[in-house]
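K.L.:
Need a 3D model of the sequence below.
(2 chains)
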Amino acid sequence: MAPGTFPASSAALPRERMFVRRTSRPGEFFARSFFVTCAGLVVVATALIIAFLARAGLRGFADVGVESLLTGKIWKPEADTFGGLPLLMGTLVTALLALVFGALPALLSAVWVNELAHESVRGISRRVMELAAAVPSVVYGWLALTYLVPPVTDLAHRIHGDGARVGGEGLLSAAFLLGVMIAPTVHLLSLDALSKVPADLRAASTALGASPLQTALRVVVPGAWRGVIVAVFFGFARAAGETMAVQMVIGGARKLPDNLFSPTTTISTQIVMDMQNARPETTSSDVLFSMALILLVMSTGVVLVTRMLTRAGASKKTRRMRTPTGTANTAAGDAS
Amino acid sequence: MGGVETICAPRSIKMRVVDLTVRYDDKEAVRGVSLDVHANEILALIGPSGCGKSTFLRTLNRMNDTVEGVCITGHVELDGEQIYASDVDPVLVRRRVGMVFQKSNPFPKSIFDNVAYGLRIAGSNKRAALAETVERALRQAALWDEVKDRLEESGLALSGGQQQRLCIARALAVDPEVLLMDEPASALDPIATAKIEDLVHDLRKTLTIVIVTHNMQQAARVSQRTAFFYMGRLVEAGETSELFTRPKEAQTEDYVNGRFG
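P.N.:
As a prediction, this is how the structure comes out:
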């Protein structure tokens, strides 16, 4: 600073020195090191898990062939036959059906509780759902085996006749059970998304003569769609990864399902069933890692798609905000 | 007071409020207010914060129904019909008595869809008819020329003053008979405020307007009649020019002269 330009500032100069770093503070150093180490361990552990999974999994792909693992129809480790299609199909179909049985009612009930029901319902339902979300999966499996499988068996035989190879332990029971299991989580996540929609949008809609149902469906749900998508995809990922409960009711048949009542299998349950017989570093072990890798890629894919969908919506909005006079954005009102 | 003034009112009465009391849980927000709204007038509600003027406004289209724990007694009539009668559908009341809020609240939809919203929920879906009404409402709200080339853009892309006029257009699209405005310009700059005031002035030809305002000059500029609220009570209502120059009540005089509030 040129002397004389700001004569008063010369008096303030010594005070600036207050901001120079003082001698080290040992307590802060240790605390910082501790947190950095913990955070680093989490990252390293995750990276190692993925690395080992990928190493063994890729070896499995190399041994058996990508085609067999993705499209082969027979899974018979004892005969060194590793067709992964039944496992993949079982996982995908049960998870998708679980969305129909679980996520859809969970979303609709969240809309009802948040927008239409009396306030007293809200507190009770939230507590019940939190409780339901905390029940261990083996309990769900046992309940389903006891109370769901017998009536589904009856239904299967009524539809397909007594002689058919169908039963209560199969695709339908597993999907229904998964639906029940993911419903509380999807409900609670949807509820959070719906309650974040600003109250003044509801007021605007109400003041325009909209019924509560119209406000819910035309303003609140579209306003919360990102959160709702996250909730549904989260439910899908959870259903695709669920192991114990599914294993108890899916029948464990290593073949493609013929119908809704066919016993079949999923990636995660098959890994549990086969791992006792899979000696490390053998093909039968590596192939299980390959299937696990597929499951990981699937759930990562779901996360990425969710992020892309939600981010695409966000960036579209900011782009619109930035071009107040632009003619580029004439695509019909897709934000609605 | 309102009662006396009602009897000698020459113009037709659009809305009549008799002995209205609004309670939230234990708190009385509005106490025994009787007031008439004349057809095609602009009625300003003034008073300090928390005096009950906004609560009163919101009883005129049953917006308070959506608040938990509210208890409303007294009568509110629209064209002689009780709007709080047990067989009245509040949804239908709100289609006749529109509302514009303090903070502009366009939906995160296109400008067109914002204005068409009220028509769509009322069951109208013909694109041509919608387009016609949307243009009419946007013209009425003095926004058409600014947005006619970008109706498909998000309503949120507009400036604050434009957003508020969009909300007015949205309310006008359903052809209400009465428009309630809750401090519609309090968040806007002076130029945008002037536009809203001009607009309110023009709308009087076709509508009855009840406007809540903090700003006494605004009340004096836009309204024909003014009602002064204090502590949940209606202190005085009358011709705006009278109320500001020759108030009957001491409290009104203190308030309009800026001695409190």
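K.L.:
Any idea how many residues pack against residue 138?
P.N.:
Looking at chain A here, since you left the chain open. Per other Cβ atoms under 10 Å in any protein chain shown, the neighbour tally for A:V138 reads 13. Backbone N, C-alpha and C define where each C-beta goes, glycine included.
K.L.:
I was thinking of chain B, sorry if that wasn't clear
P.N.:
B:L138 has 27 neighbours, counted by other Cβ under 10 Å.
K.L.:
got the contact list for the closest residue to B:A185 other than its chain neighbours?
P.N.:
Closest residue to B:A185 apart from its sequence neighbours, by Cβ to Cβ, 6 or more residues apart in numbering or on different chains: B:T193 at 4.1 Å. Counting by Cβ atoms under 8 Å, 6 or more residues apart in numbering or on different chains, B:T193 touches B:161, B:185, B:218.
K.L.:
export those residues to CSV and tack on secondary structure, neighbour count and pLDDT?
P.N.:
Shown next, in CSV, are the contacts of B:T193 (DSSP: H, G, I helix; E, B strand; the rest coil; neighbours: other Cβ atoms under 10 Å in any protein chain shown; pLDDT from 0 to 100):
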residue, secondary structure, neighbour count, pLDDT
B:G161, helix, 21, 90
B:A185, coil, 26, 89
B:Q218, helix, 22, 91
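K.L.:
Can you redo the residues you listed as JSON lines, where the extra columns are distance to B:W144?
P.N.:
Output for the contacts of B:T193, formatted as JSON lines (distance: Cβ to Cβ, whole Å):
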{"residue": "B:G161", "distance to B:W144": "15"}
{"residue": "B:A185", "distance to B:W144": "20"}
{"residue": "B:Q218", "distance to B:W144": "25"}
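K.L.:
Specify the local secondary structure of B:R139.
P.N.:
Here B:R139 is helix, with the state taken from DSSP: H, G, I helix; E, B strand; the rest coil.
K.L.:
Can you name the residues that contact it?
P.N.:
By Cβ under 8 Å, 6+ apart, B:R139 lies in contact with nothing.
K.L.:
ok, it to B:E132 distance?
P.N.:
From B:R139 across to B:E132, the span is 11 Å (Cβ to Cβ, to the nearest Å).
K.L.:
Same question for B:L35.
P.N.:
Computed as Cβ to Cβ, the B:L35 to B:E132 distance reads 36 Å.
K.L.:
the more surrounded of these two?
P.N.:
B:L35 (25 against 11).
K.L.:
Looks like that one contacts B:G238 (just checking).
P.N.:
No. Counting by Cβ atoms under 8 Å, B:L35 sits too far from B:G238 to count as a contact (10.9 Å).
K.L.:
which residues does A:Q247 contact?
P.N.:
Taking Cβ under 8 Å, 6+ apart, one finds A:141, A:269, A:272-273 in contact with A:Q247.
K.L.:
again, 10 Å this time
P.N.:
Each residue near A:Q247 by Cβ atoms under 10 Å, 6 or more residues apart in numbering or on different chains is listed here: A:137-138, A:141, A:174, A:265-266, A:268-273.
K.L.:
sorry, back to before: check for me that the residue nearest to B:A185 belongs to a strand.
P.N.:
No. In this structure, B:T193 is helix, not part of a strand, as judged by three-state DSSP.
K.L.:
Now do the same for it: its pLDDT.
P.N.:
At B:T193, the pLDDT value in this model is 90.
K.L.:
in whichever strand or helix holds A:I229, what counts as buried?
P.N.:
Taking DSSP states H and E as the definition, one finds A:I229 inside helix A:225-241. Buried residues in helix A:225-241, defined by neighbour count with 16 or more other Cβ atoms under 10 Å in any protein chain shown: A:226-241.
K.L.:
Of the residues you listed, which are in range of chain B?
P.N.:
Checking these against chain B by Cβ under 10 Å from any Cβ of the partner chain, not one of them is in range.
K.L.:
from the residues you listed, which is closest to B:L199?
P.N.:
Distance ranking of these against B:L199, using Cβ to Cβ, places A:R226 first at 35.0 Å.
K.L.:
That closest one and A:K196: what is the separation?
P.N.:
According to Cβ to Cβ, A:R226 stands 10 Å off from A:K196.
K.L.:
ditto for B:V37
P.N.:
37 Å.
K.L.:
looking at this, B:V235 is in a strand?
P.N.:
Yes. Under three-state DSSP, B:V235 falls within a strand.
K.L.:
Contact partners for it?
P.N.:
Per Cβ under 10 Å, 6+ apart, neighbours of B:V235: B:1-2, B:47, B:51, B:227-229, B:243, B:247-252, B:255.
K.L.:
A:D258 too?
P.N.:
A:160, A:164-166, A:170-171, A:264.
K.L.:
Can you classify it by secondary structure?
P.N.:
coil.
K.L.:
pLDDT score for it?
P.N.:
Listed pLDDT for A:D258 reads 86.
K.L.:
Could you tell me how far it is located from A:R59?
P.N.:
Taking Cβ to Cβ, one finds A:D258 at 33 Å from A:R59.
K.L.:
need the contact list for the spatially most central residue of chain A.
P.N.:
Centroid-nearest residue in chain A, with Cα atoms, centre = their mean: A:F234, separated by 2.2 Å. With contact taken as Cβ under 10 Å, 6+ apart, A:F234 is in contact with A:103, A:182, A:185-186, A:189, A:299, A:302-303, A:306.
K.L.:
Which ones among these map onto helices?
P.N.:
A:182, A:185-186, A:189, A:299, A:302-303, A:306 (DSSP state H).
K.L.:
Compare those residues and tell me which has the most neighbours.
P.N.:
The most neighbours of any of these, using other Cβ under 10 Å, belong to A:V186, which has 32 neighbours.
K.L.:
and it, what pLDDT?
P.N.:
Confidence score, pLDDT, at A:V186: 96.
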